[in-house]
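K.L.:
After the sequence you'll find the predicted model.
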Amino acid sequence: MKLKCKAPARIDLAGGTLDLWPLHLFFENTATINCAIDQYAEVELEAGNESKAGDTPAIALESEDRGVKHAFRSYGELLESFQGGHRATALSPALWLHARAVRHFFAFWRRSAPLTVRTRCASPAGAGLGGSSALNVALCMALRKLTLANYSDEEIIAVARDLETTVIEVPAGVQDYWSALFGGVQAIHFEAGRTHRKVFEGRAPFLQDHLILCDSGQSRNSGINNWAVYKGFIDGDKTVRGAFARIVKATCRVEEALERRSFEKLSEGIREEWEARRTLAPAIATDAMLAVIRKAEERGALAAKVCGAGGGGCFLLVAPAEKKKAIADSLSKDGVNVIPFRIAEEGCLVDSSGA
């Protein structure tokens, strides 16, 4: 049996970190807003026949874009490899999530057939585009199909969150999984006991007309430490709590902008979110990123923000539609890596035609 699966990365527009429970419970009308983009994480699964297993490694894991692979002689060896914690294994950190996902879904499969898991991710590690989370969703959806695990789509979000938490060893947010699973432009709203998705139909052209995505070319180093911020909030740090209150208001403005297709409110909301986030983490933007943002603003951009945790990776510029191309072209001439993108209207897709 062969399966292929792909899931889109995302651009986070506003409200990041509020998707960490229980931060959103301390405010009214909290949401995280993002849009899925055509930077895909891809997974290929190939399961052999039990009778032909022979000397073939029972589980082979490979990350093509990271250039690492590992083979386990048996499922038992994979299970034993985690007894001392994944940091104690010889397995590359780039494959920890792969191994955790296979380990989890093996409980539903219970076969001794050889299994090959091969992945690639268009969004590089540390880009701030949620590529690892898209990969996580693609892995879980492909393994659900293979093993016939009885999870709903929304339950897959919880599985992906919990698997990632065991790998990064701090609480994981959920916004990336929603965009990877469903695609499109969305606000993920958080209420007591419920998380739900508000979809902005037909907003892809509006965002594509106004957003410029740039890659700093710098590996993410520091930026915002979600765990430190999370702990500061819970400990009652007034600066942290004040910054989050501003982020909630800015996110409401971005949501209103999408409802009305208002460029003015979009630029205002993203600018306000960016200013509040810099209060939380002054190192969220490197000097080189700030220099590019200043150049873009001199040429007509009205707002900017880093993607994800920052400290490197990608960042976003917001510009009037009539100035977007000129700004992007001038930055490219200056040597900035401007990433062309389209909104991914569809989320995770599983192709079992090779089954």
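P.N.:
All right, it came through fine.
K.L.:
Mind listing what's buried along the longest strand belonging to the chain?
P.N.:
For the chain, the strand that runs over the most residues, judged by DSSP state E, is strand 30-47. Using 16 or more other CB atoms under 10 Å as the burial criterion, the residues of strand 30-47 that qualify are 30-37, 39-47. Bear in mind the C-beta positions are built from the backbone N, C-alpha and C, glycine included.
K.L.:
cool, and stretch 160-178?
P.N.:
160-161, 163-164, 166-167, 171-178.
K.L.:
Then stretch 184-195?
P.N.:
G184, V185, Q186, A187, I188, H189, F190, T195.
K.L.:
Quick check: beta-bridge partners of L317?
P.N.:
As for beta bridges, L317 partners with I212, A304 under DSSP bridges.
K.L.:
Does it touch I270 like I think?
P.N.:
No - contact between L317 and I270 fails when scored by CB atoms under 8 Å: they sit 9.5 Å apart.
K.L.:
What pLDDT is listed against F27?
P.N.:
The model reports F27 with a pLDDT of 94.
K.L.:
Would you confirm that it contacts F244?
P.N.:
Yes - if you go by CB under 8 Å, F27 and F244 touch, sitting 7.2 Å apart.
K.L.:
hey, what's in contact with both of these two?
P.N.:
Counting by CB atoms under 8 Å, 6 or more residues apart in numbering, the common neighbours of F27 and F244 are L18.
K.L.:
who has more neighbours, these two?
P.N.:
Comparing F27 with F244 by other CB atoms under 10 Å, the one with more neighbours is F244, at 25 against 17.
K.L.:
returning to that earlier point: redo the buried residues of stretch 184-195 as a markdown table? Include secondary structure and pLDDT.
P.N.:
A markdown table is the format used below for the buried residues of stretch 184-195 (DSSP: H, G, I helix; E, B strand; the rest coil; pLDDT from 0 to 100):
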| residue | secondary structure | pLDDT |
| --- | --- | --- |
| G184 | coil | 97 |
| V185 | strand | 98 |
| Q186 | strand | 97 |
| A187 | strand | 97 |
| I188 | strand | 96 |
| H189 | strand | 96 |
| F190 | strand | 94 |
| T195 | strand | 92 |
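K.L.:
closest to V229 among these?
P.N.:
Lowest distance from V229 to the buried residues of stretch 184-195 (CB to CB) belongs to F190, with 16.7 Å.
K.L.:
Neighbours of the closest residue to that closest one other than its chain neighbours, how many?
P.N.:
Spatial nearest neighbour of F190, excluding adjacent residues (CB to CB, 6 or more residues apart in numbering): H24 at 3.8 Å. By other CB under 10 Å, 24 other residues sit near H24.
K.L.:
lowest-pLDDT helix or strand in the protein?
P.N.:
helix 75-81 (a mean of 82; mean pLDDT, DSSP states H and E).
K.L.:
Alpha carbons of that helix, in PDB - could you do that?
P.N.:
As requested, the backbone C-alpha atoms of helix 75-81 are provided in PDB (Å, rounded to 0.1, in the frame of the first residue of the first chain):
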ATOM      1  CA  TYR A  75       8.500  -1.900  15.900                       C
ATOM      2  CA  GLY A  76       9.800  -3.100  19.300                       C
ATOM      3  CA  GLU A  77      13.100  -1.400  18.700                       C
ATOM      4  CA  LEU A  78      11.200   1.800  17.900                       C
ATOM      5  CA  LEU A  79       9.200   1.500  21.100                       C
ATOM      6  CA  GLU A  80      12.300   0.800  23.200                       C
ATOM      7  CA  SER A  81      14.100   3.800  21.700                       C
END
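K.L.:
Identify each buried residue in it, please.
P.N.:
Y75, L78, S81.
K.L.:
can you tell me which residues contact the last one?
P.N.:
With contacts defined as CB under 8 Å, 6+ apart, S81 is in contact with F72, T89, L91, A99.
K.L.:
could you redo the last one with a cut-off of 10 Å?
P.N.:
By CB atoms under 10 Å, 6 or more residues apart in numbering, the contact list for S81 reads H70, F72, A88, T89, A90, L91, A99, R103.
K.L.:
tell me the contacts of the residue nearest to D153 when sequence neighbours are not counted?
P.N.:
The shortest distance from D153 to any residue other than its chain neighbours is 6.0 Å, reached at L181 (CB to CB, 6+ apart). Contacts for L181 (CB under 10 Å, 6+ apart) come out as 7-8, 36, 133-134, 137-138, 140-141, 153-154, 156-157, 160, 197, 347-348.
K.L.:
what about stretch 153-161, distance to the chain center?
P.N.:
In terms of CA atoms, centre = their mean, to the nearest Å, the centre of stretch 153-161 is set 14 Å apart from its chain centre.
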